[in-house]
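Asker: below is the sequence, then the predicted model.
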Amino acid sequence: MSTRWNFAGEAFSLPAARAKLHGMVASLSSCWQLRSRSLQFSSLPCLMGIVNVTPDSFSDGGQFFDTRKAVRQGLQLAEAGAAILDIGGESTRPGSEPVELAEELDRVLPVVEELRRQLEIPLSIDTSKAEVARQAVELGAEIINDVTGLEGDPGMLEVALQSGAGICAMHMQGNPLTMQAEPRYDDVVADISRYLAGRRDALLEAGIELSRICLDPGIGFGKTHEHNLQLIRECGQFHQLGCPLLVGHSRKGFIGRVLGDKELDRTAGTVGTALWLAQQGIQVIRVHDVAAVQQALLLFAASGALDPA
């Protein structure tokens with residue numbers, strides 16, 4: 001039995017054919033409309049640099065828990081090649097406690113304001129609170145990135161609609177306090193695809209244009225190790241939802257488990273996973289180590305591993 005498939009007269013192995021098909025579908029979502037601009041995608045994914053203004057995030061908690069340090073980190077990530085900066089003031093690591101509104105505002109707003117003053121690249125506010133999103137957008141944020149899929153705060157849909165910002169809706173089973181308590185799915189890819197389709201449709205019904213919507217399967221948010229690996233392997237299937245895709249796998253626990261040492265530096269594992277995500281046509285990859293991932297992607301593309309835009 002043949003293990004080669006044909007696309008437009010070219011022969012491909014089955015894995016290459018699947019990657020080719022995913023790339024063709026991904027090309028249908030070639031841009032993401034933000035508040036004041038359209039983010040255009042190419043064969044290389046856009047990197048979203050992480051700026052955690054928190055004392056307790058799972059990987060870098062406390063390192064940038066100061067406005068000056070957070071701004072400096074954002075500038076360094078932009079210099080390294082980040083296309084977007086994602087600024088968050090509430091940890092969503094497993095077991096984390098919610099942060100009061102006033103505290104979250106105090107953490108993120110000065111950082112958003114200063115980075116907007118110094119940088120041209122779009123800023124994203126990583127929050128599930130409508131008031132944080134509203135004030136951050138007023139200061140110049142162009143994306144609302146909500147780990148609750150805009151379900152955590154009843155006011156978020158209206159803020160998202162009125163803001164004109166790009167919207168990223170993520171899947172999470174439960175909440176940060178409960179999400180790792182025996183997460184279960186009948187079929188993790190199919191179940192999350194149905195959820196994301198439902199959130200897409202809810203945003204559309206609220207009046208938010210399809211061009212403004214991005215979807216995130218939520219690696220590490222209410223998933224077992226096996227769930228995370230299956231989602232990484234089959235992430236390209238979510239292109240059928242017709243929206244740009246964002247994946248945040250950076251430094252997460254599944255990498256340490258695959259490598260057999262949870263204390264091991266996870267940069268190389270983050271880079272390797274990013275290359276596979278790029279080959280599947282994922283448009284936005286959220287990472288801590290922008291320089292390492294960007295350099296690897298450039299060489300990956302130069303070697304011919306990615307189709308030209």
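Answerer: Thanks, I have the structure now.
Asker: which stretches of the stretch 51-200 of the chain have low pLDDT?
Answerer: Scanning the stretch 51-200 of the chain for pLDDT under 70 picks out 56-65, 95-96, 176-179.
Asker: which residues in it form strands?
Answerer: For the stretch 51-200 of the chain, applying DSSP state E, counting those that start in this stretch gives strands covering 84-88, 123-126, 143-146, 166-170.
Asker: adding distance to G74 and mean neighbour count, write the ones you listed out as JSON lines.
Answerer: (C-beta placed from N, C-alpha, C; glycine too.) As requested, the strands of the stretch 51-200 of the chain are exported to JSON lines (distance: least, Cβ to Cβ, whole Å; neighbours: other Cβ atoms under 10 Å):
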{"stretch": "strand 84-88", "distance to G74": "5", "mean neighbour count": "26"}
{"stretch": "strand 123-126", "distance to G74": "8", "mean neighbour count": "28"}
{"stretch": "strand 143-146", "distance to G74": "14", "mean neighbour count": "28"}
{"stretch": "strand 166-170", "distance to G74": "18", "mean neighbour count": "28"}
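Asker: turn those strands into a markdown table, including distance to A278.
Answerer: As requested, the strands of the stretch 51-200 of the chain are exported to a markdown table (distance: least, Cβ to Cβ, whole Å):
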| stretch | distance to A278 |
| --- | --- |
| strand 84-88 | 16 |
| strand 123-126 | 20 |
| strand 143-146 | 20 |
| strand 166-170 | 18 |
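Asker: what sits closest to S124 if chain neighbours are left out?
Answerer: Excluding the flanking residues, the one nearest S124 by Cβ to Cβ, 6 or more residues apart in numbering is I143, at 3.7 Å.
Asker: that neighbour pairs with what?
Answerer: S124, G166 (DSSP bridges).
Asker: pull the contacting residues for the nearest residue to V137 once chain neighbours are set aside.
Answerer: Nearest residue to V137 in three dimensions, chain neighbours excluded: S163, at 4.4 Å (Cβ to Cβ, 6+ apart). By Cβ atoms under 8 Å, 6 or more residues apart in numbering, the contact set of S163 is 35, 133-134, 137, 144.
Asker: so among those residues, which ones count as buried?
Answerer: Buried subset of the contacts of S163 (neighbour count, 16 or more other Cβ atoms under 10 Å): 35, 133-134, 137, 144.
Asker: inside helices: which ones of these?
Answerer: Taking DSSP state H, the ones among these that sit in helices are 133-134, 137.
Asker: the residue nearest to S30 when sequence neighbours are not counted and Q279, how far apart?
Answerer: Residue nearest to S30 in three dimensions, not counting chain neighbours: F41, with 5.3 Å by Cβ to Cβ, 6+ apart. From F41 over to Q279 the distance is 15 Å, taken as Cβ to Cβ, to the nearest Å.
Asker: and the strands in the stretch 201-309 of the chain?
Answerer: All strands of the stretch 201-309 of the chain, identified by DSSP E, counting those that start in this stretch, fall at 213-216, 246-247, 284-287.
Asker: export the buried ones among the contacts of S163 to CSV and append columns for distance to I213.
Answerer: CSV is the format used below for these (distance: Cβ to Cβ, whole Å):
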residue, distance to I213
R35, 14
A133, 15
R134, 19
V137, 16
I144, 11
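Asker: which residues touch A296?
Answerer: Going by Cβ under 8 Å, 6+ apart, A296 touches 271, 274-275.
Asker: just checking, K252 touches N228?
Answerer: Yes. Under the criterion of Cβ atoms under 8 Å, K252 makes contact with N228 at 7.2 Å.
Asker: more neighbours: these two, which one.
Answerer: Looking at K252 and N228 with other Cβ atoms under 10 Å, you find the greater number of neighbours at N228, namely 24 against 21.
Asker: what sits closest to that one if chain neighbours are left out?
Answerer: Distances taken as Cβ to Cβ, 6+ apart place F254 nearest to N228, at 4.2 Å, with adjacent residues excluded.
Asker: from T92, how far off is L139?
Answerer: For L139, the distance to T92 - Cβ to Cβ - is 22 Å.
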